[in-house]
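[1] Just need the structure, nothing else, for what follows:
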Amino acid sequence: MTVIRKRISREEGVAAVEFAIILPVLALILFGVIEFGRVWSQYQLFQGAAREGARCAAVASTSDCDPMTEVQNAAEPFTPEPPISISLVNGAPRPDGCEGTDRGQDIQVSWEQPLQIEIPFWKNTTVTSTIKAVFRCE
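    Numbering: from 1, shown residues only. Reported below is the predicted structural model:
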């Protein structure tokens, strides 16, 4: 009888079993945090690219920069999802940027960008975010 009680009260291997149960949850949390950071970094890079394109579009009447090229260069190593819209805030399209008559109006660069969230052992998800920047025409 004492042999059975000793076997029942032993706790050898309990830590290994508990670790095996909690490991998948910890892995999901770890990979989720890393993936969220990667996607957030990509989002911030696209926001910066939109700002560069909008800045270039705002000064296009006095410079020779191309807003589309600025967006593409600033978004390296990623590629913005076309179409990229460059227009005055009132809706008039300005693919080459502001003209001399647009001084004082706001110009906007925007596009819809799908961002892939890929967490191991979990379903991959795509989040579509609107990337947008606004500058005043000079």
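[2] Can you name every helix or strand that the longest helix along the chain contacts?
    Selection of the longest helix in the chain by residue count, based on DSSP state H, yields helix 14-58. Here helix 14-58 touches helix 67-74, strand 106-117, strand 125-136, going by 3 or more C-beta pairs under 8 Å, 6 or more residues apart in numbering; DSSP states H and E. Heads up, the C-betas are built off the backbone N, CA and C, glycines and all.
[3] Can you lay out these as TSV showing mean pLDDT and distance to Cys98?
    Converted to TSV, the helices and strands packed on helix 14-58 look like this (pLDDT from 0 to 100; distance: least, C-beta to C-beta, whole Å):
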stretch	mean pLDDT	distance to Cys98
helix 67-74	94	10
strand 106-117	96	5
strand 125-136	95	9
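[4] mind checking which of these is nearest Leu30?
    Leu30 sits nearest to strand 106-117 of all the helices and strands packed on helix 14-58, at 14.7 Å, using C-beta to C-beta.
[5] Residues in contact with that closest one: which ones?
    Identification of contacts with strand 106-117 by C-beta atoms under 8 Å, 6 or more residues apart in numbering yields 35-36, 39, 42-43, 46, 50, 53-54, 57-58, 67, 71, 80-89, 94, 97-98, 124-137.
[6] Kindly export it (C-alpha atoms) in CSV.
    Extracted in CSV, the C-alpha atoms of strand 106-117 (Å, rounded to 0.1, in the frame of the first residue of the first chain):
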residue,chain,number,x,y,z
ASP,A,106,-3.5,70.3,-50.5
ILE,A,107,-2.2,67.4,-52.6
GLN,A,108,-2.6,63.8,-51.5
VAL,A,109,-0.8,60.7,-52.3
SER,A,110,-2.6,57.5,-51.4
TRP,A,111,-3.1,53.8,-52.2
GLU,A,112,-4.5,50.6,-50.7
GLN,A,113,-1.7,48.4,-49.5
PRO,A,114,-2.3,44.7,-48.5
LEU,A,115,-0.1,43.6,-45.6
GLN,A,116,0.5,39.9,-45.0
ILE,A,117,0.5,38.6,-41.5
